[in-house]
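K.L.:
The amino acid sequence is not available; the structure is as follows:
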């Protein structure tokens, strides 16, 4: 997707130099700055940016005025002049004053990692909920930085950092933006209520829910499509999926569960974005089981897994039963596969391997399985028979006169939910 600007720089694509500042604080986090920078390259390319070069600096603390050192600013200016860059993208978050100072010194559009991610989300948002969530996150990010957005605001025609809210919504009148934020939150509250009703209806219907979570581009949407024949957008790019998609998955034995694909996580996911998408992400809290999909071929695999676990912790979903699916095993070298954890709760798979898909449904079935009970159902109670098939795994059925005996594997949570209908039909064992 080519991104162009439509101001005096007619039809000019964003051509960027990426900048990474490695501070002592970043080193203490244990995150590899080089891998983070590789991810920034992917983010930029996803946004349609042509990446020209990468600039690195090691410094104890960020410069309060320039973020990077004064000498590095001059080096960046010379590199931009020599390469014909019109944009600089920083791998860390900048203050409004730093953006303004850098723009004045460099005559470049200045974008930070947070704004780049927000821009990608703005390009992906399609549903009303997604559009509201992204605009709310963008405005919450921009509000404290209004004084540092001079060049970006003058280029509202297009390009990274300019999608979503238009110039009319980004006036220097802070009250106007606060009013817009209040309005968006009200709209989002309505959406949250609707989503809550849908969740409640699913609970009442006895639907068992399984959530796909994972780092962006780990292959969650592909897995959903392969398991359920869902008509979902699949693309080898970051954040291809924004809106949660739920489909029915049939398990061995006939039991059906609702499988939900969620928005991908990423390192340093902007706080405002997490806050805006919280209602969407909280689908995970409703799940009976979490499938953590991991790109096993990624050199950043361990870091990505940790990011996912941290966000699940923040959402209050860390205690959920979880199965880790090491996806893209077909892209791994043998030594990579040998390094992956094995045993209960771990599975090495490829979303395109039929045997692996069968193993996934079996492990889901085993994880959700509970005690085996025998139910004696009168022949004229078809409603109860269909309920047993829906909420449990029917292992066997036999006929005894006008009654049907069902041997059913049913987990405690599902039995408790439906005991008011089923308890009187349980056969003593």
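P.N.:
Received the coordinates, thanks. What you see is a predicted model; the values in this text were computed from it and never measured.
K.L.:
Against which helices or strands is the longest helix along the chain packed?
P.N.:
Among the elements of the chain assigned as helix by DSSP state H, the one spanning the most residues is helix 174-204. With contacts defined as 3 or more C-beta pairs under 8 Å, 6 or more residues apart in numbering; DSSP states H and E, the packing partners of helix 174-204 are helix 128-142, helix 278-281. Quick note: C-beta positions are derived from backbone N, CA and C, even for glycine.
K.L.:
Out of the ones you listed, point me to the one whose mean pLDDT is lowest.
P.N.:
Taking each of these in turn, the one with the lowest mean pLDDT is helix 278-281, at a mean of 72.
K.L.:
which residues touch residue 332?
P.N.:
With contact set as C-beta atoms under 8 Å, 6 or more residues apart in numbering, residue 332 has these partners: 296, 297.
K.L.:
coming back round to it: let's have the helices and strands packed on helix 174-204 in TSV, adding distance to residue 229 and mean neighbour count.
P.N.:
Output for those, formatted as TSV (distance: least, C-beta to C-beta, whole Å; neighbours: other C-beta atoms under 10 Å):
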stretch	distance to residue 229	mean neighbour count
helix 128-142	24	22
helix 278-281	23	18
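K.L.:
Mind putting the ones you listed into CSV with distance to residue 211?
P.N.:
As requested, the helices and strands packed on helix 174-204 are exported to CSV (distance: least, C-beta to C-beta, whole Å):
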stretch, distance to residue 211
helix 128-142, 17
helix 278-281, 10
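K.L.:
Of the ones you listed, which is nearest residue 369?
P.N.:
Shortest separation from residue 369 across the helices and strands packed on helix 174-204 is recorded for helix 278-281, at 27.5 Å, computed as C-beta to C-beta.
K.L.:
other SSEs contacting the helix or strand following that closest one?
P.N.:
Beyond helix 278-281 on the C-terminal side, the first helix or strand identified by DSSP states H and E is strand 289-295. In terms of contacts (3+ C-beta pairs under 8 Å, 6+ apart), strand 289-295 is packed against strand 208-214, helix 220-228, helix 301-315, strand 322-327, helix 354-368.
K.L.:
ranking those by burial, who's on top?
P.N.:
With neighbours taken as mean count of other C-beta atoms under 10 Å, the helices and strands packed on strand 289-295 reach their highest mean count in strand 208-214, at a mean of 25.
K.L.:
for the spatially most central residue of the chain, phi and psi?
P.N.:
The structure's the chain has its C-alpha centroid closest to residue 264; by C-alpha atoms, centre = their mean the separation is 1.9 Å. Backbone torsions for residue 264, taken as degrees, to the nearest 10, come to phi -70, psi 150.
K.L.:
same thing with residue 270?
P.N.:
phi -50, psi 130.
K.L.:
Could you list the low-pLDDT ranges of the stretch 51-200 of the chain?
P.N.:
Under the criterion pLDDT under 70, the flagged ranges of the stretch 51-200 of the chain are 147-173.
K.L.:
Helix 128-142 and the host helix or strand of residue 104, what's the angle between them?
P.N.:
Using DSSP H and E, residue 104 falls within helix 96-106. An angle of 80 degrees separates the directions of helix 96-106 and helix 128-142 when computed by axes from the mean of the first three to the mean of the last three C-alpha atoms, to 10 degrees.
K.L.:
if I look at the closest residue to residue 145 other than its chain neighbours, how far off is residue 273?
P.N.:
Using C-beta to C-beta, 6 or more residues apart in numbering and skipping residues adjacent in sequence, the residue nearest residue 145 is residue 96, 3.4 Å away. Spatial separation of residue 96 from residue 273 under the definition C-beta to C-beta, to the nearest Å is 18 Å.
K.L.:
These two: who's more crowded?
P.N.:
A side-by-side neighbour count of residue 96 and residue 273, using other C-beta atoms under 10 Å, places residue 273 first with 22 against 16.
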